[in-house]
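J.: Fold the following, please.
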Amino acid sequence: MAFQQSRLYLREAQVIIGPKVEGTNSAIEPVLGRLFTQNRISFQVSKSDGSEANSAKISIYNMSQASRNFLETLTPDDQKKGRGVIFLKAGYRGGLGNIFFGDIFRPQTNRGSSGGGEAITTKSSGADIITTIEAQDAGSALQNARIELSLGKGATTNQIISIARKKLFVSAGPSRGLRNKVYLKGYSFSGTIKELFDEITEQLKVTWSIQDGELVFIGEGQIDGQIAVLITPATGLIGFPTKKETGFEFTSLLNPKLRPTRAVVLQSKQLQGALFGKSVVASGAVKNGGIVGKAVKVKHAGDTDEGSFVSKVECIIPGLEKL
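T.: Just a heads-up that it's a prediction; the model follows:
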């Protein structure tokens with residue numbers, strides 16, 4: 001903890017908030033977006049490799065009245081519409097990176113309910129005025145967007161996904177192990193886009209998710225193909241990793257490179273001693289003195305002024321059924 005506290009002054013966070021530009025992959029009109037860099041910022045971000053939307057709760061301290069008025073233009077009476085979007089970058093100096101991008105949105109908890117509150121709230125705490133924004137990665141579209149498809153003979157998975165992706169206004173992200181199935185008799189569907197992707201990926205045995213505005217498809221036992229993240233005590237590992245049934249979990253200093261579906265190389269003598277059995281070696285998880293896992297759950301939490309500034313990650317070891 002002393003190491004983490006010694007780096008308190010190196011913490012950085014940036015927030016950009018603005019209107020969603022419908023019909024394009026561009027999220028914020030640069031002229032209209034607001035950038036917050038000097039304010040105290042705290043946040044909680046939760047991500048997974050599953051189809052449920054990633055979420056964030058971001059608090060900005062003592063923003064101007066003009067900025068608070070601006071935010072009101074992004075939250076219509078119907079909170080489900082999610083007209084505004086938010087970017088959050090965080091990290092230590094020299095390592096600032098994107099850890100969340102999504103719609104300003106508070107999801108419905110059940111049919112006919114708005115979730116019990118608004119997506120943007122402001123309260124006073126002592127001398128501070130704290131504005132808190134709740135958001136989900138493509139949340140409003142995932143919950144509300146419907147699609148009707150009636151494609152002729154020879155329709156393909158890639159064709160179906162391309163049509164649906166454009167309705168979500170997200171970019172194409174990593175795609176590993178997704179087979180371009182041909183539907184010889186054509187393909188028809190009526191329902192939500194989430195239901196469509198669930199149906200297709202169940203057939204093809206892949207998982208899908210939206211990560212920071214990118215639509216991601218990953219085959220069973222595969223990773224996103226990006227450079228693996230090395231985690232050691234020297235790169236920010238905090239305390240001791242924990243052995244799980246099919247992998248491990250750990251806490252590190254906040255690292256924006258950690259995201260679901262990304263490969264993680266964990267070098268920890270304590271964990272290696274517990275895991276280096278025949279099943280782990282056979283899975284191919286031991287490489288260059290480290291254990292290779294696939295991040296499936298990532299939580300970033302921090303405050304630029306005090307407290308923790310960490311990433312908590314749960315990994316599985318591909319090809320390993322049980323430790």
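
J.: any chance you could map the strands in the stretch 101-250 of the chain?
T.: Ranges of strands in the stretch 101-250 of the chain, per DSSP state E, counting those that start in this stretch, are 120-125, 128-136, 146-151, 155-156, 171-176, 182-183, 187-192, 206-211, 214-219, 229-231, 237-244, 247-253.

J.: Out of these, flag the one nearest Lys47.
T.: Evaluated over the strands of the stretch 101-250 of the chain, closeness to Lys47 peaks at strand 206-211, with 7.0 Å, by C-beta to C-beta. All C-beta spots, glycine's among them, are computed from the backbone N, C-alpha and C.

J.: Return the residues in contact with Ser209.
T.: By C-beta atoms under 8 Å, 6 or more residues apart in numbering, the contact list for Ser209 reads 48-51, 54, 216, 218, 260-261.

J.: Which helix or strand in the protein has the lowest average pLDDT?
T.: Least confident helix or strand, the chain: helix 2-6 with a mean of 45, by mean pLDDT, DSSP states H and E.

J.: The helix or strand following that one pairs with which strands?
T.: As assigned by DSSP states H and E, the chain's next helix or strand after helix 2-6 is strand 11-19. Using DSSP bridges, the strands paired with strand 11-19 are strand 34-36 (antiparallel), strand 84-92 (antiparallel).

J.: Next, the buried residues of the shortest one.
T.: With burial defined by 16 or more other C-beta atoms under 10 Å, the residues of strand 34-36 counted as buried are 34, 36.

J.: Next: stretch 298-316.
T.: Judged by neighbour count using 16+ other C-beta under 10 Å, the buried positions of stretch 298-316 are 298-304, 309-316.

J.: Out of those, which comes closest to Gly94?
T.: Using C-beta to C-beta, Phe309 is the member of the buried residues of stretch 298-316 that lies nearest Gly94, at 14.5 Å.

J.: Leaving out sequence neighbours, find the closest residue to that closest one.
T.: What sits nearest to Phe309 in space, not counting adjacent residues and going by C-beta to C-beta, 6 or more residues apart in numbering, is Gly302, at 3.8 Å.

J.: thinking again about what came up before, among the contacts of Ser209, which two are most distant?
T.: The farthest-apart pair in the contacts of Ser209, when distances are taken by C-beta to C-beta, is Asn54 and Ile218, at 14.8 Å.

J.: Need the contact partners of stretch 67-77.
T.: Contacts of stretch 67-77 (C-beta under 8 Å, 6+ apart): 17-19, 34, 36, 83-84, 104, 118-120, 122, 131, 133.

J.: Check stretch 187-199 too.
T.: Residues outside stretch 187-199 that contact it (C-beta under 8 Å, 6+ apart): 51, 141-151, 155, 160-161, 164, 167-168, 208.

J.: Nothing else from me, thank you.
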